[in-house]
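Asks: when you get a sec, could you give me coordinates for this:
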Amino acid sequence: MTDAAALLTRCRARGLTIATAESCTGGMVAAALTDVAGSSDVFERGLVTYSNAAKIALLGVDPATLDAQGAVSEQVAAEMAAGLLARAPVDIAVSVTGIAGPGGSEHKPEGRVCFGLATRAGTRTETVDFGARGRAEVRAAATAHALALLAAATY
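Replies: Predicted structure coming up:
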């Protein structure tokens, strides 16, 4: 797992601030950051937008994107991250949306998680299939991956 304290130190040194928009991780990325004392000068806010309605209302995700692609998609992850960046006074926004399990489908299996990372330079996305290793493990792996994305964005 990426060291949240080191990430926060690097952001602090560069004057960068962070926000999170989380679905399947339910705030675990925000919790990892705020577990570090003094994180409030870097971590600005975290939103748990578990429902589609929350994604629309709080992040500005287009209902048409949700209808066409589903919540677990790179398109929705991109809109989540970009929407948060537009609404929060931060430099970096990360989003997480996926299927932690149990369950899934042939097209969207358990363990599939989509990530978005938005900065003033633009937004990028990626999908990771962690596999059907159980809800807790998928959520932990997704949290670690989101922290690694944030760390990579600070170099």
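
Asks: for the protein, which segments count as helices?
Replies: 4-14, 28-34, 52-59, 63-69, 74-87, 135-153 (DSSP state H).

Asks: so what does the last one touch, helix or strand wise?
Replies: In terms of contacts (3 or more Cβ pairs under 8 Å, 6 or more residues apart in numbering; DSSP states H and E), helix 135-153 is packed against helix 4-14, strand 18-22, helix 28-34, strand 92-98, strand 112-119, strand 122-129. C-beta coordinates here come from the backbone N, C-alpha and C atoms, glycine included.

Asks: nearest to Y155, of the ones you listed?
Replies: helix 4-14 (8.0 Å; Cβ to Cβ).

Asks: give the rounded mean pLDDT of that closest one.
Replies: Averaged across helix 4-14, pLDDT comes to 97.

Asks: likewise stretch 38-52?
Replies: In the prediction, stretch 38-52 has an average pLDDT of 98.

Asks: distance from that stretch to the middle of the chain?
Replies: 10 Å (Cα atoms, centre = their mean, to the nearest Å).

Asks: so for the chain, the centremost residue is which one?
Replies: What sits nearest the mean C-alpha location of the chain, by Cα atoms, centre = their mean, is S95, with 2.3 Å.

Asks: that one pairs with what?
Replies: Counting by DSSP bridges, S95 is bridged to A21, G116.

Asks: wait, it sits on M80?
Replies: Yes: the pair S95 and M80 passes the contact test of Cβ atoms under 8 Å, sitting 3.6 Å apart.

Asks: find residues that contact each of the two.
Replies: A21, S23, L59, G116 (Cβ atoms under 8 Å, 6 or more residues apart in numbering).

Asks: between those residues, which is nearest G101?
Replies: Taking the shared contacts of S95 and M80 together and measuring to G101 by Cβ to Cβ, the closest member is S23, at 13.6 Å.

Asks: neighbours of the closest residue to that closest one other than its chain neighbours, how many?
Replies: With Cβ to Cβ, 6 or more residues apart in numbering as the criterion, S23 has its nearest non-adjacent residue at 4.2 Å, and that residue is T97. Using other Cβ atoms under 10 Å, T97 is surrounded by 29 other residues.

Asks: go ahead and confirm T97 touches V76.
Replies: Yes: the criterion here is Cβ under 8 Å, and T97 meets it with V76 at 5.7 Å.
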